[in-house]
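Student: Could you look at this predicted model? Sequence included:
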Amino acid sequence: MTQVDLRLSSTFIRPSGRRKALIIGINYTGTRAELRGCVNDAQNMKNLLIRQGFPNDTCHMVMLTDTQSDPNYRPTASNIFRAMAWLIQGVSEGDVMFLHFSGHGSQQPDQTGHEADGLNETILPLDFDNKQITDDELWGSLVYPLPSGTRLTALMDCCHSGTGLDLPFEYKFGKNNNRPFGFGGSKRPTDTNARGQWIEDVNPAHSKGDVVLFSGCEDSQTSADAYDQNQAGGAMTQSFISAFEENPYATYPDFMVSIHKALKRRRFSQRPQLTSSQAFDANQRVFSFVEGIEPNTNQQIGRIKRRHVRAKNAGGGPSPFEALIAGGGALAGALVLGELLF
């Protein structure tokens, strides 16, 4: 991974007012992979988006959960792909989109040689026995097709979600880091509030749209299902919502710090990540669901392969999800703690 100089742009993109959201929550009810809070996460996120100005109708908001009776709105792999195609269909400059996924995540060996850790991150649809959806597929379906001047914000609350959309820039926190976030060591004026900088992936996948992913944990970590105010839900989704409601005008670094603190207060060890398709000045950008769109500053679009990485097996053994499905003991400790691994 390489440090990145900030790519400043003076172009102002006016929001069009068109907003769409895709919300997916899967409890896997009746399976050995059953979770408790993912559908609650979906409903809570839907309520927050409505409060932030997203229209509450099926033309602008689609929710897939395994509590739906209509088979078209159950989160099977085919329905998820159709819903992703709907989300980005016909988008143009100024349009704003939101994606939320709460459910299981896993990893598979990456045979292309692009992934820095040799693994593809995946999300698990309801019919996961037949199909897992890889980060390559998510990037190709949601990220790469977006034109410049469009914005997609994503929240993925699942295991191994750190680089779940294959975005090329990762925000790295650093202790005693006096370099301004995003400048990558250049001689621009320093900012005493800076906490980190953008780091580019060794084999980056560049695109034109403005895409930001808040992930529930690092690629090598698991996310937790927990109770908050007597309701089951994903620890990341709950912390994301509470951090936003406590300070709805935070910059991206401050917002991430608030999420980390909310998780730490509840003794969760998972470390959320922030990744992006554009290397923007996060110290100056306030997080908003509907305002602020970064224009494209990537000079080369598409996947760039600088180094071939050999495919790996996840952790040298079964992932937490695979151990869960196999009926192993990996879940027992989590249940004692009142948590359930995503």
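Tutor: Done, it's in.
Student: quick one: least confident helix or strand in the protein?
Tutor: Considering only helices and strands, the least confidently modelled element of the chain by mean pLDDT, DSSP states H and E is helix 332-336, at a mean of 27.
Student: Now do the strands in the stretch 151-300 of the chain.
Tutor: For the stretch 151-300 of the chain, applying DSSP state E, counting those that start in this stretch gives strands covering 151-157, 169-173, 196-200, 205-206, 210-215, 224-228, 231-234, 273-276.
Student: Now mean neighbour count, distance to Ile88 and mean pLDDT too, for those, in a markdown table please.
Tutor: Where C-beta positions appear, they are placed from N, C-alpha and C, glycine not excepted. As requested, the strands of the stretch 151-300 of the chain are arranged in a markdown table below (neighbours: other C-beta atoms under 10 Å; distance: least, C-beta to C-beta, whole Å; pLDDT from 0 to 100):
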| stretch | mean neighbour count | distance to Ile88 | mean pLDDT |
| --- | --- | --- | --- |
| strand 151-157 | 27 | 8 | 96 |
| strand 169-173 | 20 | 20 | 91 |
| strand 196-200 | 22 | 24 | 92 |
| strand 205-206 | 22 | 16 | 97 |
| strand 210-215 | 26 | 11 | 96 |
| strand 224-228 | 21 | 29 | 68 |
| strand 231-234 | 24 | 24 | 88 |
| strand 273-276 | 23 | 17 | 96 |
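Student: between those, which one is nearest to Phe289?
Tutor: Set against Phe289 and scored by C-beta to C-beta, the strands of the stretch 151-300 of the chain come closest in strand 151-157, at 6.8 Å.
Student: The closest one pairs with which strands?
Tutor: Here strand 151-157 is paired, per DSSP bridges, with strand 96-102 (parallel), strand 210-215 (parallel).
Student: Could you quantify the relative orientation of the shortest one and strand 169-173 as an angle?
Tutor: Regarding strand 210-215 and strand 169-173, their directions subtend 50 degrees when assessed with axes from the mean of the first three to the mean of the last three C-alpha atoms, to 10 degrees.
Student: what residues does strand 210-215 touch?
Tutor: For strand 210-215, the surrounding residues in contact (C-beta atoms under 8 Å, 6 or more residues apart in numbering) are 142-143, 146, 149-156, 161-165, 167, 236, 240, 252, 256, 259, 272-278, 280, 293-296.
Student: go on, the longest one?
Tutor: Under the criterion C-beta under 8 Å, 6+ apart, residues 15-16, 18-26, 37-38, 41-42, 45, 49, 54, 87-88, 91, 123, 142, 150-158, 233-234, 237, 289-290, 293, 342 lie in contact with strand 96-102.
Student: So the nearest residue in space to Arg74 that is not next to it in sequence versus Ile24, what's the distance?
Tutor: Nearest residue to Arg74 in three dimensions, chain neighbours excluded: Gln68, at 5.3 Å (C-beta to C-beta, 6 or more residues apart in numbering). Spatial separation of Gln68 from Ile24 under the definition C-beta to C-beta, to the nearest Å is 11 Å.
Student: And Ser215, by the same measure?
Tutor: Taken as C-beta to C-beta, the spacing of Ser215 relative to Ile24 amounts to 15 Å.
Student: just Val211 next, same as before
Tutor: Plainly put, Val211 is 17 Å away from Ile24 if you go by C-beta to C-beta.
Student: where are the low-confidence patches of the protein?
Tutor: Applying pLDDT under 70 to the chain flags the ranges 1-10, 162, 174-195, 218-226, 228-229, 314-342.
Student: if we go to 80?
Tutor: Judged against pLDDT under 80, the low-scoring parts of the chain cover residues 1-11, 160-162, 173-195, 217-230, 312-342.
Student: picking up where we left off before, the residue nearest to Arg74 contacts Thr76, doesn't it?
Tutor: No. Between Gln68 and Thr76 there is no contact under C-beta atoms under 8 Å: 10.8 Å.
Student: who has more neighbours, those two?
Tutor: When Gln68 and Thr76 are compared for neighbours, Thr76 comes out ahead with 19 against 14, by other C-beta atoms under 10 Å.
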